[in-house]
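# build me a model from this:
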Amino acid sequence: MTRTLILLCVAFTVLAVSQATAGPSHFASIRRDRAYLREGPSYAHKVLWIYQRRYYPVQVVGVFDAWRRVIDVDGTVGWMHHTQLSDIRTVLFVRRSVMRFDAAPASKIVAYAQAGVVARLRACKLDRCEVEASDVDGWVDKKNIWGVDASDVF
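Residues are numbered from 1 along each chain as shown. The predicted structure follows:
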């Protein structure tokens, strides 16, 4: 009985992964303070990682039914139920960065952000994005954040 159940789980995983639609990837964020990354698209699959940070950014790279295949800043890939994700755009600072008053490279410094800070994404130009962290609004260089594509302009 157990062997049959294991074989069925493996077959389901292979089928689900092969039927997952890739489509265009997009960024999302973790909806709750606790979210589970699984090895496959069902609650029967093993939990690979537990995220304990609300609004942490992830990239959605595939869809299967109510499940989303995601990748995080470290390259960890797994499946999350769509109810654990939000469309709120956030970014993660990957290095200590200067936040400036506007998009001009020489504008006034309003704050410094440490690596690991999660900020809400407000707008993006070709090489800079406007973010908000701890009630401070500022512009940062795209190379210092994860959660946006180089082509994101809005």
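# domain map for the chain?
The chain breaks down by automatic domain parsing into domains covering 2-87, 91-146.
# any idea how far apart the tips of the shortest one sit?
Just to be clear, that refers to domain 91-146. Across domain 91-146, the terminal residues are separated by 5 Å (C-alpha to C-alpha, to the nearest Å).
# off-centre distance for it?
The chain centroid and the centroid of domain 91-146 are separated by 17 Å, computed with C-alpha atoms, centre = their mean, to the nearest Å.
# please apply the same query to stretch 61-79.
When distances are taken as C-alpha atoms, centre = their mean, stretch 61-79 is centred 9 Å away from the chain's centroid.
# ok, now stretch 50-69?
6 Å.
# buried stuff in that stretch?
Buried residues in stretch 50-69, defined by neighbour count with 16 or more other C-beta atoms under 10 Å: 51, 54-64, 67-69. Where C-beta positions appear, they are placed from N, C-alpha and C, glycine not excepted.
# any chance you could map the helices in this structure?
Per DSSP state H, the chain carries helices over the ranges 2-19.
# just to revisit the earlier point, as a markdown table, the domains of the chain with distance to Asp152 and mean pLDDT would be great.
Listed next are the domains of the chain as a markdown table, based on distance: least, C-beta to C-beta, whole Å; pLDDT from 0 to 100:
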| stretch | distance to Asp152 | mean pLDDT |
| --- | --- | --- |
| domain 2-87 | 9 | 85 |
| domain 91-146 | 5 | 97 |
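# could you dump these to CSV with distance to Val153?
Formatted as CSV, the domains of the chain follow (distance: least, C-beta to C-beta, whole Å):
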stretch, distance to Val153
domain 2-87, 14
domain 91-146, 6
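# for Phe154, find the nearest of these.
domain 91-146 (5.7 Å; C-beta to C-beta).
# out of the buried residues of stretch 50-69, which sit inside strands?
When those are checked against strands (DSSP state E), the matches are 51, 57-64, 67-69.
# what is the nearest of the residues you listed to Asp149?
Gln59 (9.1 Å).
# what pairs with the closest one across the strands?
Beta-bridge partners for Gln59, by DSSP bridges, are Phe27, Ile71.
# distance check, the residue nearest to the spatial centre of the chain against Ala123.
Nearest to the geometric centre of the chain sits Val58, at 1.1 Å (C-alpha atoms, centre = their mean). From Val58 across to Ala123, the span is 21 Å (C-beta to C-beta, to the nearest Å).
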